[in-house]
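Student: predicted model, plus sequence, below.
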Amino acid sequence: MTNRTPDITRAGVKWQGYLPGNYRFFWSQVWDPLHSGKEAAFIWSIWHKAVAVNEWRARIAPASISKQCIFCLPNTSESVKHKFWDCIQARRTWRWATYIMHELCGVRTGHLDSFNWKQTLFGERTPYKFRKVVKIWHLLRGTTLWTIWVEWNDKVFNQEQWHESKMKYSRIWDTLLMYAHTAWQRVLKLIKISKFSAVALLQNFDRTWGARQVLCRRNRLITEWNWKRYIS
Ligand SMILES: [Zn+2]
């Protein structure tokens with residue numbers, strides 16, 4: 001089995017009741033060369049429910065471990081889907097990721113519900129209005145899932161309550177800018193080795209990472225990065 005073979009059987013079994021039995025995971029939506037291996041491996045764990053959650057822990061030791069979510073508390077059961085999608089902590093993080101996508105694509109709506117849980121967790125078909133930056137979306141999804149996980153760990157093991165700005169800027173925004181920066185370095189390198197395609201390379205960059213000057217402003221071969229954007 002290669003890395004690109006969808007793991008059909010286990011997907012259907014692992015997510016029984018949530019996904020159809022023949023549901024397919026698509027590797028192309030995880031294995032982006034810009035993606036850190038850490039995040040790609042983490043998404044793989046979520047897909048296979050290999051991330052420990054209280055619902056599962058409580059089943060093993062019902063007397064000592066509560067199945068409830070540490071963020072939402074009473075009457076919740078912390079499943080994998082809850083932790084990375086339904087939880088108030090996850091909702092807050094996805095709202096920010098969605099806001100960034102709206103900015104990149106010029107979507108003007110106050111509603112930050114453009115994506116559903118299968119699109120965020122499994123990379124299922126991205127809405128048409130975001131097609132131009134679909135590559136960025138898949139990177140952003142990985143960063144968002146990883147951020148939800150790190151914030152949860154900080155709360156559980158370090159008793160640290162994150163301020164919203166830590167999630168938004170120190171984690172997600174800065175990581176996205178680092179991806180953009182890496183993509184830009186690649187453009188510069190390609191221009192150097194094959195000068196004839198410089199125009200096409202720059203146009204492609206402007207359409208994606210440079211879209212609407214949300215992440216950066218480009219003037220010829222100089223880019224100015226918006227590290228502080230949205231921070232008031
Ligand atoms: Zn919760």
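Tutor: Sure, I can see it. Residues are numbered from 1 along each chain as shown.
Student: for I191, list the residues it contacts.
Tutor: Contacts for I191 (CB atoms under 8 Å, 6 or more residues apart in numbering) come out as 197-198, 201-202, 221. All C-beta atoms are positioned from the backbone trio N, CA, C, and that covers glycine.
Student: I'd like the residues you listed laid out as JSON lines, including secondary structure, neighbour count and pLDDT.
Tutor: Rendered in JSON lines, the data for the contacts of I191 read as follows (DSSP: H, G, I helix; E, B strand; the rest coil; neighbours: other CB atoms under 10 Å; pLDDT from 0 to 100):
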{"residue": "S197", "secondary structure": "helix", "neighbour count": "12", "pLDDT": "84"}
{"residue": "A198", "secondary structure": "helix", "neighbour count": "15", "pLDDT": "92"}
{"residue": "L201", "secondary structure": "helix", "neighbour count": "16", "pLDDT": "94"}
{"residue": "L202", "secondary structure": "helix", "neighbour count": "16", "pLDDT": "96"}
{"residue": "L221", "secondary structure": "coil", "neighbour count": "11", "pLDDT": "94"}
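Student: could you pull out the helices for this protein?
Tutor: Using DSSP state H, the helices of the chain run over 8-14, 37-47, 54-60, 80-81, 88-105, 117-121, 134-158, 164-165, 174-193, 198-207.
Student: from the contacts of I191, which two are the most distant?
Tutor: S197 and L221 (14.2 Å; CB to CB).
Student: quick one on the thing from earlier: nearest to V214, of the helices of the chain?
Tutor: Closest to V214 of the helices of the chain is helix 88-105 (CB to CB; 4.7 Å).
Student: helix 134-158 and the closest one, what's the angle between them?
Tutor: Helix 88-105 and helix 134-158 meet at an angle of 150 degrees, taking axes from the mean of the first three to the mean of the last three CA atoms, to 10 degrees as the criterion.
Student: now for helix 88-105, which elements pack on it?
Tutor: Secondary-structure packing of helix 88-105 (3 or more CB pairs under 8 Å, 6 or more residues apart in numbering; DSSP states H and E): helix 134-158.
Student: right, is the helix it packs on up against the ion?
Tutor: No. Taking CB under 5 Å from the ion as the criterion, helix 134-158 and the ion are apart, separated by no less than 9.1 Å.
Student: that helix packs against which elements?
Tutor: helix 37-47, helix 88-105, helix 117-121, helix 174-193.
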